[in-house]
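>>> need a 3D model of the following:
(one chain, ligands or ions: 2)
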Amino acid sequence: MVNVLERTDTKVVEQLAATVGKKRIGIMGGTFNPPHLGHLVMADQVLTQLGLDRILFMPDATPPHVDHKLTIAAEDRVRMVADSIATNRNFGIELSEVQRGGVSYTYDTMLALKQRHPEIDYYFIIGGDMVAYLPKWYRIDELVKLVQFVGVKRTAYPVQTPYPVIWVDAPVLDISSTMIRNRVRQGQSIRYLVADPVADFIRKRGLYRD
Ligand SMILES: Nc1ncnc2c1ncn2[C@@H]1O[C@H](COP(=O)(O)OP(=O)(O)OP(=O)(O)O)[C@@H](O)[C@H]1O
Ligand SMILES: O=C(O)c1ccc[n+]([C@@H]2O[C@H](COP(=O)([O-])O)[C@@H](O)[C@H]2O)c1
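Ligands and ions are numbered 1, 2, ... in the order given. Sure, this is the predicted structure:
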């Protein structure tokens with residue numbers, strides 16, 4: 001019997017070995033002001049449906065394309081993300097944007113991460129509604145070569161996009177950080193809309209009251 005490997009180009013074998021050993025990591029970028037169950041459900045659905053190795057939640061420093069000023073410190077947002085994901089060993093936190101500071105352009109971050117970890121394939125997760133805005137992202141044509149975008153459907157039909165996006169269907173939870181901040185301001189319950197330690201932290205620190 002002929003040994004297949006004897007006939008196979010060594011370069012192809014090396015490339016295959018590199019792909020087989022590659023880790024596949026999802027990056028869930030956001031402001032997380034505060035993190036809520038919509039974020040957690042979305043991350044878990046992408047993790048399990050695409051069979052990724054891990055999801056890293058990545059709080060931004062200053063979000064691109066957002067006018068409002070952040071009212072709470074990055075450390076508080078990081079703390080709430082850490083508390084939200086503590087019970088899931090497949091979830092972790094990526095701090096490069098808050099450590100770098102300034103406007104958190106995804107291209108800058110993912111270029112640095114790819115240079116540090118060429119062995120990892122990154123999947124950048126965004127809400128389905130955001131897919132329509134990808135053409136406005138900083139250096140998007142280069143960014144799509146660094147990461148695979150994953151859009152989580154929030155409406156019945158995926159929006160059209162000229163960029164490669166993997167679509168994942170997930171239960172639609174009509175929760176946003178804006179809604180959580182408004183509810184706290186109005187004295188309404190946020191129980192079961194955010195993780196329990198996040199609700200405690202918001203209450204103890206008196207966040208979002210005015
Ligand atoms: N309920 C949800 N279902 C699916 N995706 C969501 C949901 N809420 C937020 N996302 C997505 O999560 C990512 C991070 O979102 P972000 O931290 O800005 O939260 P947000 O709830 O959209 O905040 P805000 O209300 O302050 O704009 C974005 O890609 C956003 O589209
Ligand atoms: O790099 C960009 O131009 C860019 C434009 C819009 C959003 N993003 C990133 O997308 C993620 C979700 O954004 P947002 O505004 O919904 O929190 C967050 O990680 C942002 O840094 C990035």
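>>> show me what residue 93 is bridged to.
residue 57 (DSSP bridges).
>>> report pLDDT for it.
With respect to pLDDT, residue 93 scores 98.
>>> residue contacts, it?
56-59, 78, 81-82, 85 (Cβ atoms under 8 Å, 6 or more residues apart in numbering). All C-beta atoms are positioned from the backbone trio N, CA, C, and that covers glycine.
>>> now distance to residue 196, neighbour count and pLDDT too, for these, in a markdown table please.
Putting these into a markdown table (distance: Cβ to Cβ, whole Å; neighbours: other Cβ atoms under 10 Å; pLDDT from 0 to 100) gives the following:
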| residue | distance to residue 196 | neighbour count | pLDDT |
| --- | --- | --- | --- |
| 56 | 22 | 20 | 98 |
| 57 | 17 | 25 | 98 |
| 58 | 23 | 25 | 98 |
| 59 | 20 | 26 | 97 |
| 78 | 18 | 16 | 98 |
| 81 | 15 | 25 | 98 |
| 82 | 14 | 17 | 98 |
| 85 | 13 | 22 | 98 |
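>>> residues of stretch 44-53 that come out buried?
Judged by neighbour count (16 or more other Cβ atoms under 10 Å), stretch 44-53 contains these buried residues: 45-47, 52.
>>> which residue is nearest the middle of this protein?
residue 28 (0.6 Å; Cα atoms, centre = their mean).
>>> give me the helices and strands touching the host helix or strand of that residue, please.
Using DSSP states H and E, residue 28 sits in strand 23-30. If you count contacts as 3 or more Cβ pairs under 8 Å, 6 or more residues apart in numbering; DSSP states H and E, strand 23-30 packs onto helix 37-50, strand 54-59, helix 106-116, strand 120-127.
>>> could I get the last one in CSV with only the CA atoms?
Coordinates of the C-alpha atoms in strand 120-127 are reproduced here as CSV (Å, rounded to 0.1, in the frame of the first residue of the first chain):
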residue,chain,number,x,y,z
ILE,A,120,-5.8,31.7,16.7
ASP,A,121,-8.7,32.2,14.3
TYR,A,122,-10.9,35.0,15.6
TYR,A,123,-14.7,35.3,15.2
PHE,A,124,-16.0,38.8,15.9
ILE,A,125,-19.5,38.7,17.2
ILE,A,126,-22.0,41.5,16.6
GLY,A,127,-25.7,42.0,16.9
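>>> contacts for the strand holding residue 28, please.
Under Cβ under 8 Å, 6+ apart, the answer for strand 23-30 is 39, 42-43, 46-47, 50-60, 94, 97, 104, 106, 109-110, 113, 119-126, 147, 150.
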